[in-house]
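J.: return a 3D structure for these sequence lines:
(2 chains)
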There are 2 protein chains.
Amino acid sequence: MDNIDSDNEILNKKIISVGHIALDYIFNVKKFPEPNTSIQIPSAKKFYGGAACNVSVGVAKLGLKSGIVSCVGYDFRSSGYSNYLKNLGIDISNVYHSDEEETPKAWIFTDTNNNQITFFLWGAAKHYQELNAPNFNGDIVHLATGEPKFNIKCAEKAKKCKCLVSFDPGQDLPQYKKEDMENIINYVDFMFMNNHEYERVLKLLNIEGDELKAILDTLIIPYRKNGSIIYHNNDEIKIPAIPVDNVEDPTGAGDSYRAGFLSAYLKGYSLKECGIIASCMASFVVEKRGCQTNLPTWDDLMNRLKDRGINIV
Amino acid sequence: MDNIDSDNEILNKKIISVGHIALDYIFNVKKFPEPNTSIQIPSAKKFYGGAACNVSVGVAKLGLKSGIVSCVGYDFRSSGYSNYLKNLGIDISNVYHSDEEETPKAWIFTDTNNNQITFFLWGAAKHYQELNAPNFNGDIVHLATGEPKFNIKCAEKAKKCKCLVSFDPGQDLPQYKKEDMENIINYVDFMFMNNHEYERVLKLLNIEGDELKAILDTLIIPYRKNGSIIYHNNDEIKIPAIPVDNVEDPTGAGDSYRAGFLSAYLKGYSLKECGIIASCMASFVVEKRGCQTNLPTWDDLMNRLKDRGINIV
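T.: Numbering: from 1, shown residues only, chains lettered A, B, ... in the order given. The predicted structure follows:
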């Protein structure tokens, strides 16, 4: 793995994410309101978000090529999001612009126990159903939250384009019908789910965990501050979390984990190393409010791992 | 009461509201989300709101003079709200503009049982604490949701300016300390509270209902679709609701009730008639989404009452 960063071929590796670009309004509240009550918030801030785009930006910050396939609304340019992605060198040529709908928005409320409730405005995302999957000129296609049918189309096309397929149904999981899920997992190389989503998928498919693990090449389940587990063949690789002193906002931690994992994979690291790098990536993101506010560079990751006495070459 | 509308003196009557101008984002959801779940909303729309401003606009639509004392942010003009109020002839000369903060915003979620939860962004409202009460050149000063100390200052000043004082603490009620409430109710002629707020005020003041009713000249308690009750001296005047076929959004019904009540009062109607006119006003507002979307004119009110066989001269 020596001099891996100087290898042009690896720096030309590209990860294309499919799914939401969203504007996030993130609020910290003492507790969630009861029906017919009001909660006062002193101030609020708008952040760039959307699970797919969080991964795209994470990948770009790590120095790999990055692209996104998404649907946005009439406020994409005026919000500043469009220029911000262009300045990061992210390929947005496959982003569909709606004139009638607004860019998806998430209102995310986090209580003092880091529980979250999210209201997600679908908006321009209604156009996914009219779109065809593009020709993917990349190495990994990462399917994030978005429209199930469009994600299935993209999974098929990605395989035709000889890409690896990564999948994170996330908060849109309830929108997948049984046949959607049965269909898409046949194309998937890496699947990311938290333990609740994992249980939900098993129930939806009416199968046991071992059966699902046999279908997927690699299954990665994060357990937040308890680390994560990577299932591959019959191996169960436990990855510790990288603790940080001050968790300000957990939003986006999972997306940064995916960006770190997939980038490390394309750089040639072992699954265990990919998991450690992914955890380290997430440890940065939780330190600041917003999904893309505190994304590290590759050097930042390596320095933090070194500081913690974790050896990754 | 004949030819009351042609009486110029009455049309020159002015109601000045004190409190929030806000931008409302109103959403209908099937149910409120559980912790760590997400709710999808197909589309959302921004509405003009803020309890005080809802009353001001309601009053202006009924043809009386209307003014507002409030704090807004840097987005007040660009949002279109400023011009909209000017075009309605509402006096906004006592609206404070903040350069650093945004205009207060409410994210209001209504479930299928018409229960609501609200997240209210305080924003520019932080400036109330620096403001002095203006000289009120009106007949009624209506104190709506807003900063308790500023409302107290305005109640005192309103009395010095020989205005009647109306008070609706609404969702900001928890911000009133016992001494604030004890202080303000001495100035109040009309107090509007729903039954939950009424119980809360009694508890806060540690008094019985009869004691509170003896302090206030007139207490008006709405019971949503079960009508409202006006308490005045020892009278208990029951007002029926004006039913409508299709309740689309209850938001703003209470504010329109207040606008209708106070306007009718200044036009010289009896308390019972004021209540009926107020209920009729609310019956329009619930038919459309938004607090100010479907506010009627005086003629609209009279026509609906006539259609329902209710005689108001």
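J.: CA only for contacts and neighbour counts going forward, please
T.: Will do.
J.: any idea how far stretch A:82-101 is from the chain center?
T.: Put simply, stretch A:82-101 sits 17 Å off its chain's centre (Cα atoms, centre = their mean, to the nearest Å).
J.: cool, and stretch A:232-246?
T.: 17 Å.
J.: same question for stretch A:143-161.
T.: Averaging C-alpha coordinates over stretch A:143-161 and over its chain gives two centres that are 15 Å apart (Cα atoms, centre = their mean).
J.: contacts for that stretch?
T.: Contacts to stretch A:143-161, defined as Cα atoms under 8 Å, 6 or more residues apart in numbering or on different chains, come from residues A:17-20, A:51-52, A:125, A:128-129, A:131-137, A:141, A:164-173, A:175-176, A:180, A:183-184, A:187-188.
J.: and the residue of the stretch 201-313 of chain A at minimum distance from chain B, how many neighbours?
T.: The shortest separation between the stretch 201-313 of chain A and chain B is 11.4 Å, found at A:T251 (distances taken as Cα to the nearest Cα). A:T251 has 25 neighbouring residues, counting by other Cα atoms under 10 Å in any protein chain shown.
J.: related to what we said a few turns ago, and the contacts of stretch A:143-161, which are buried?
T.: With neighbours counted by 16 or more other Cα atoms under 10 Å in any protein chain shown, these contain buried members at A:17-20, A:51-52, A:125, A:128, A:133, A:136-137, A:141, A:164-173, A:176, A:184, A:187-188.
J.: so which of those residues reach chain B?
T.: With Cα under 8 Å from any Cα of the partner chain as the criterion, the subset of the buried ones among the contacts of stretch A:143-161 in contact with chain B comprises A:Q171.
J.: among the buried ones among the contacts of stretch A:143-161, which lie within strands?
T.: Filtering the buried ones among the contacts of stretch A:143-161 for membership in strands, criterion DSSP state E, returns A:S17, A:V18, A:V141, A:L164, A:V165, A:S166, A:F167.
J.: show me what from chain A comes close to chain B.
T.: A:33-44, A:115-123, A:171.
J.: inside strands: which ones of the residues you listed?
T.: Short answer: the residues of chain A next to chain B in strands (DSSP E) are A:T37, A:S38, A:I39, A:Q40, A:I41, A:Q116, A:I117, A:T118, A:F119, A:F120, A:L121.
J.: the residues you listed into CSV, with extra columns for pLDDT and neighbour count?
T.: Output for these, formatted as CSV (pLDDT from 0 to 100; neighbours: other Cα atoms under 10 Å in any protein chain shown):
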residue, pLDDT, neighbour count
A:T37, 79, 13
A:S38, 80, 21
A:I39, 85, 21
A:Q40, 83, 17
A:I41, 85, 18
A:Q116, 84, 24
A:I117, 87, 20
A:T118, 87, 22
A:F119, 88, 21
A:F120, 89, 21
A:L121, 90, 22
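J.: out of those residues, who's nearest A:V57?
T.: Sorting these by distance to A:V57 puts A:F120 at the head of the list, at 20.4 Å, by Cα to Cα.
J.: what helix or strand is A:P243 on?
T.: With secondary structure defined by DSSP states H and E, A:P243 is part of neither a helix nor a strand.
J.: what's the first-to-last distance across stretch A:225-237?
T.: From its first residue to its last, stretch A:225-237 covers 16 Å (Cα to Cα, to the nearest Å).
J.: may I see the buried residues of it?
T.: By 16+ other Cα under 10 Å, the buried positions in stretch A:225-237 come out as A:G227, A:S228, A:I229, A:I230, A:Y231, A:H232.
J.: helix or strand for the spatially most central residue of chain A, which one?
T.: Among the residues of chain A, the smallest C-alpha distance to the mean C-alpha position (Cα atoms, centre = their mean) belongs to A:D255, namely 3.0 Å. Element membership for A:D255, per DSSP H and E: helix A:253-266.
J.: and that helix, how far out from the chain's middle?
T.: Taking Cα atoms, centre = their mean, one finds the center of helix A:253-266 at 8 Å from the center of the full chain.
J.: average model confidence for the helix or strand just after it?
T.: On the C-terminal side of helix A:253-266, the closest following helix or strand by DSSP H and E is helix A:271-285. Across helix A:271-285, pLDDT averages out at 97.
J.: try stretch A:200-214
T.: Taken as a whole, stretch A:200-214 has a mean pLDDT of 96.
J.: where does A:E197 sit: helix, strand or coil?
T.: When classified by DSSP: H, G, I helix; E, B strand; the rest coil, A:E197 comes out as helix.
J.: what about it, neighbour count?
T.: Under the neighbour criterion other Cα under 10 Å, A:E197 is assigned a count of 18.
J.: any low-confidence regions in the stretch 1-150 of chain A?
T.: Counting by pLDDT under 70, the low-confidence segments of the stretch 1-150 of chain A come to A:1-10.
J.: mind doing that once more with 50?
T.: Low-confidence regions of the stretch 1-150 of chain A, defined here as pLDDT under 50, cover residues A:1-5.
J.: can you give me the helices for it?
T.: Listed in chain order, the helices of the stretch 1-150 of chain A (DSSP state H, counting those that start in this stretch) span A:8-11, A:51-61, A:81-87, A:148-160.
J.: in a markdown table, list these along with distance to B:V201.
T.: Formatted as a markdown table, the helices of the stretch 1-150 of chain A follow (distance: least, Cα to Cα, whole Å):
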| stretch | distance to B:V201 |
| --- | --- |
| helix A:8-11 | 66 |
| helix A:51-61 | 45 |
| helix A:81-87 | 47 |
| helix A:148-160 | 51 |
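J.: these: which one's closest to A:D24?
T.: If you check each of the helices of the stretch 1-150 of chain A against A:D24 by Cα to Cα, helix A:51-61 wins as the nearest, at 10.5 Å.
J.: list the contacts of A:C274.
T.: With Cα under 8 Å, 6+ apart as the criterion, the residues that contact A:C274 are A:G260, A:F261, A:L262, A:A264, A:Y265.
J.: wouldn't the second one be in contact with A:I277 here?
T.: Yes - the criterion here is Cα atoms under 8 Å, and A:F261 meets it with A:I277 at 6.5 Å.
J.: between the two, which is the more surrounded one?
T.: With neighbours defined as other Cα under 10 Å, A:F261 and A:I277 compare such that A:I277 has more, 30 against 27.
J.: spatially nearest residue to A:E102, not counting backbone neighbours?
T.: Closest residue to A:E102 apart from its sequence neighbours, by Cα to Cα, 6 or more residues apart in numbering or on different chains: A:G73 at 4.0 Å.
J.: and the one you found, how far from A:A125?
T.: A:G73 is 8 Å from A:A125, by Cα to Cα.
J.: residue in the stretch 151-300 of chain A nearest to chain B?
T.: Counting by Cα to the nearest Cα, the stretch 151-300 of chain A gets nearest to chain B through A:Q171 (6.3 Å).
J.: these two touch, right, that residue and B:T37?
T.: Yes - between A:Q171 and B:T37 there is a contact at 7.3 Å, judged by Cα under 8 Å.
J.: farthest pair in the ones in strands among the buried ones among the contacts of stretch A:143-161?
T.: When Cα to Cα is used, the two most widely separated members of these are A:V18 and A:L164, lying 13.2 Å apart.
J.: which residues do those two both contact?
T.: A shared contact of A:V18 and A:L164, defined by Cα under 8 Å, 6+ apart, is any residue touching both; here these are A:V141.
J.: filter the contacts of A:C274 down to the buried ones.
T.: Buried residues within those, defined by neighbour count using 16+ other Cα under 10 Å: A:G260, A:F261, A:L262, A:A264, A:Y265.
J.: tell me which of those residues is nearest to A:D111?
T.: Distance ranking of the buried ones among the contacts of A:C274 against A:D111, using Cα to Cα, places A:G260 first at 26.9 Å.
J.: not counting sequence-adjacent ones, nearest residue to that closest one?
T.: The shortest distance from A:G260 to any residue that is not its chain neighbour, by Cα to Cα, 6+ apart, is 4.3 Å, and that residue is A:A278.
J.: gap between A:G146 and chain B?
T.: Computed with Cα to the nearest Cα, to the nearest Å, the distance linking A:G146 and chain B is 11 Å.
J.: tally of neighbours for that residue?
T.: Counted with other Cα under 10 Å, the neighbours of A:G146 add up to 28.
J.: how far away is it from A:F47?
T.: Distance, A:G146 to A:F47, by Cα to Cα: 19 Å.
J.: with that, I have no additional questions.
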